[in-house]
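K.L.:
I'll drop the sequence and a predicted model, then ask my questions.
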Amino acid sequence: MAAVKETVGREGSGRAALARPALVLNEREASWVNDAVCSVVEQPAPFWWWLAVIAFGLLAGAVPLVVVYFISTGLGVWGLQSPVFWGIAILNFVFWIEIGHAGTLISAILLFTRQRWRNSVNRAAEAMTIFAVLCAAVFPLFHIGRQWMFWYMVPVPESYAVWQNFRGPLLWDEFAVGTYFTVSCLFWYFGLLPDIASLRDRTTKLWKKRLYHVLCWGWTGSVRVWHHYEAGYLCIAGVVSVLVISVASVVSTDFATTLVPGWHTTIFPPDFITGAIFSGFAMIVTLLVPLRAAYPRLKDMITPKHLDNMAKVLLATGSLVGYSYLIELFMAWYGANPFERYTFLNRITGPDRFTYFAMFGFNVILPQIFWFRRCRSHPWILWTASVLINVGMWFERYSIIVVSLERDFLPSSWRHYLPTWVDWGLFFGSVGLFFFLFLLFLRVLPALSIAEIKTLLGKPERKRHLETATKESAPNPGEQIYGLGAEFSSEEELRQASEETRKKGYVWWDAYAPYPIHGMERAMQLSKSRVSFFVLMGGLLGLVTGIAMVTATSIPRPQFLESFTTGQLQGLFYATVVQGKPYFSLPAFVPVLLELTILFAAFTAFLAVVLLSRLPRPYHPVWNWGELARRATNDGFFLVIEARDPLFSPTESRQFLESLGGRQITMISR
Amino acid sequence: MANLFGKAANQLPPKIVVGILIIGALTVAGIAYYFTPKYTRVGYMPKQPIPFDHSLHVTGLGLDCRFCHSFVEKSGFSNIPTTQTCMSCHRMVKADSPKLAALRESWETGEPVRWVRVYQLPDYVYFDHSAHVNRGVSCFSCHGEVNLMRTVYHKTPLSMSWCLDCHRNPEYFLRPQEKVFDLGWQAPTGRQQIEMGKQLIEQGKINPSDNCSACHR
């Protein structure tokens, strides 16, 4: 090691040359992030917003109209005719559900792979996921014909004593989509907690403050809470990341487990997953580019680097999708199954051949423009391509679902599928609903993750210059003291102060920061958060519940329960042979078990964080200190020593905090 | 900013949780009790055009079920007796009773008596009386102690799980063939019934289906 003595300066080193581009441009400060993001919500809606929301709202109005029409007349008004019984409705379901996947990928998988750029776009992407899944859920809900019987799909004990077929892909679908929607909402809301607190501390209206306060479960910004919060966020991200893979796979098994030529292939799960990520990223770009244009301040946070990255993802997944198109063709030829061969021939040369070419052109050839930097970095080229990719993905579903069904085994039953205005009304209505919900979201909640973006700021921008003058604030006589608070000018100072405070022997104290600070756990010597343990237990509970459910409802009644004659316990056991599978067919149960494990684990993570941080706390003495209440979610770093600490004394503790560099030292009343 | 809520508000969250749990438990219990056929169907006792008293005719006079419901052993549908069946006695017995005015009117006009149906299965359920009563399923198992009823009422829920209880475990309910129409018969209890039931299943080769298509044809 002695050889490496000479070192170059930091600027000249290779490290600087390889330094990644900044993810927040123009050296913005923490408070600027709050201003920029919250102003979207706080300032009066611009004209274009009203215009867009009315337009999309009217379009979304088609959904209830069409739904009332076809429920009152019957599903015959859809264009479904033998042999095409899965038409536009299922197509749209697949289209929307897959769009949702990119949001989950960004928020969960990119978190693990330490793609820091995700911090700026994950909130909008998660919101997009939720709205897309909501739009998707409309279709299976309505295509069952007798919508009021929907609860038959839900495993509740009832007087029919018939259980759902847990071995069937359509039930897997219900579990997968249900879990996906619930857990996505939970993850999104969980990420929103600190940002809702930011909105709370900024608004001036009391009712709004109170509403936000309730919504963010009384967020204080305490480092001890951040400690659990970060662990919980990772845990939920961990279980959610499984959903990225499982949901698209399960949706694909709806098709792959049937015998229809063109559907019955093992490539479907990976094909659907890549397609999902592909179309989802296209939709994120479709939303984010206009958002940047409408709110130019956001351009410093959603930078050309972000667009560039997303274009690269589009290029990669687009090429993967192209690969699976080609493999499908190859397998059709190589498999030598005449029906399979004909299906693909029909896709390319049949009456609907334009759907195949639209799919291939928009999904495979068009993304190849992203090999060029100019196309990646130019927002509107990127945007146009993304919109076309979404169109292409819609045609891919058409080509897979409708074109395969139109001509299957029996030529005498072939029929061309023609969607009716009801089908189109529902589709365009869902498009309207999607954008309508997203526009509402922009005006109600922070569209970018404030706390997470602050962790992307450069070190100098995270510092604040504070006046050293401490104003003497003696508490009113007779008022009880909660503790002594001090403000610090940077996270570095706060970390050091925390370390000193701990070393001094204080026990009852806490630090408050607007974002999680790395190294604070060590400085405060916090033990590992127990959240992960609870998540494991919750996941296992879900697994065991799932196993108990699928087993009891699928196997014959065991001998030892013979003494029970009537009632629901009997009704539990209804062994039926379906699809020639054994009573207990573990592989077919895996999807349901997986989804239940994830569902339980995610909810436990949320509850564990909230309860371990003692969060639903409407009143906390630290908010009696106005400075902390105003800025703990913005750009302030605070340390509060409580009066109940055995070492606490008003004068000595004050001197101690001053010696650490604390400013604005204040007595906080209880 | 001062605090948004008072100190007392910190007591609120646990109370809200308890409240939600109580409301949730009550909702589940309420649905489980009120939304099943055990509540919605059992106890249905419509007013009939003629206040026919089963206890008087069966227990008092000793009529067999089949005296009036004469096709129950032969037909899938157990018939309501015709006016003629009633009049075979009531032309002589209580011929002038004001309670039987509707019966006499029917006799004169030829219009059947408009009895109100008590037990009604949905159209999508196939049920055959003869198949059951000829295999040791007593009237009692579904209709209850009709021999003691002054006015007939809906005794059992007729829900699908209730049907399946017997279809899966007939040994709990079967009785000897000669006791099927003997509503006053006391079935043996516990293991005795199960052993007898198993014997009857053996003898009669009784094999109730619990396949969907057994009833939903």
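P.N.:
Perfect, thanks for sending it.
K.L.:
Find me the pLDDT at A:Gly12, would you?
P.N.:
The model reports A:Gly12 with a pLDDT of 55.
K.L.:
what does the stretch 51-200 of chain A put close to chain B?
P.N.:
Residues of the stretch 51-200 of chain A found near chain B (CB under 8 Å from any CB of the partner chain) are A:158-162. For every residue, glycine as well, the C-beta is placed using N, CA and C.
K.L.:
so which pair among the residues you listed is furthest apart in space?
P.N.:
A:Ser159 and A:Val162 (10.0 Å; CB to CB).
K.L.:
where do the contact lists of the two overlap?
P.N.:
The contact sets of A:Ser159 and A:Val162 overlap at B:Met160 (CB atoms under 8 Å, 6 or more residues apart in numbering or on different chains).
K.L.:
Give the closest residue to A:Met153 in space, chain neighbours not counted.
P.N.:
A:Glu174 (5.4 Å; CB to CB, 6 or more residues apart in numbering or on different chains).
K.L.:
mind checking the SS state of the one you found?
P.N.:
helix (DSSP: H, G, I helix; E, B strand; the rest coil).
K.L.:
Please tell me how far it sits from A:Val223.
P.N.:
42 Å (CB to CB, to the nearest Å).
K.L.:
Please, where are all the helices along the stretch 501-650 of chain A?
P.N.:
A:520-524, A:531-552, A:568-572, A:586-612, A:626-631, A:650-660 (DSSP state H, counting those that start in this stretch).
K.L.:
Show the contacting residues for residue 144.
P.N.:
You didn't say which chain, so I picked chain A. A:Phe150 are the contacts of A:Ile144 under CB under 8 Å, 6+ apart.
K.L.:
oops, chain B please
P.N.:
B:155-156 are the contacts of B:Gly144 under CB under 8 Å, 6+ apart.
K.L.:
Phi first, then psi, for it.
P.N.:
With angles defined as degrees, to the nearest 10, B:Gly144 shows backbone torsions of phi 80, psi -160.
K.L.:
now do A:Gly485
P.N.:
phi -110, psi 150.
K.L.:
Distance to A:Glu492 and mean neighbour count added to the helices of the stretch 501-650 of chain A, as a markdown table?
P.N.:
Formatted as a markdown table, those follow (distance: least, CB to CB, whole Å; neighbours: other CB atoms under 10 Å in any protein chain shown):
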| stretch | distance to A:Glu492 | mean neighbour count |
| --- | --- | --- |
| helix A:520-524 | 11 | 18 |
| helix A:531-552 | 27 | 18 |
| helix A:568-572 | 61 | 18 |
| helix A:586-612 | 27 | 21 |
| helix A:626-631 | 18 | 18 |
| helix A:650-660 | 12 | 16 |
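K.L.:
Now render the ones you listed as CSV, adding mean pLDDT and distance to chain B.
P.N.:
Output for the helices of the stretch 501-650 of chain A, formatted as CSV (pLDDT from 0 to 100; distance: least, CB to the nearest CB, whole Å):
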stretch, mean pLDDT, distance to chain B
helix A:520-524, 84, 24
helix A:531-552, 92, 14
helix A:568-572, 60, 4
helix A:586-612, 92, 10
helix A:626-631, 82, 4
helix A:650-660, 84, 22
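K.L.:
A:Lys413 and chain B: what is the separation?
P.N.:
Rather than Lys, residue A:413 is Ser. 26 Å (CB to the nearest CB, to the nearest Å).
K.L.:
hmm, I was thinking of A:Ala316
P.N.:
46 Å.
K.L.:
element containing that residue?
P.N.:
Assigned by DSSP states H and E, A:Ala316 belongs to helix A:304-335.
K.L.:
you'd agree A:Val321 is up against A:Pro270?
P.N.:
No - A:Val321 sits out of contact with A:Pro270 when judged by CB atoms under 8 Å, with a separation of 10.3 Å.
K.L.:
tell me the contacts of A:Thr551?
P.N.:
Counting by CB under 8 Å, 6+ apart, A:Thr551 has contacts A:Phe584.
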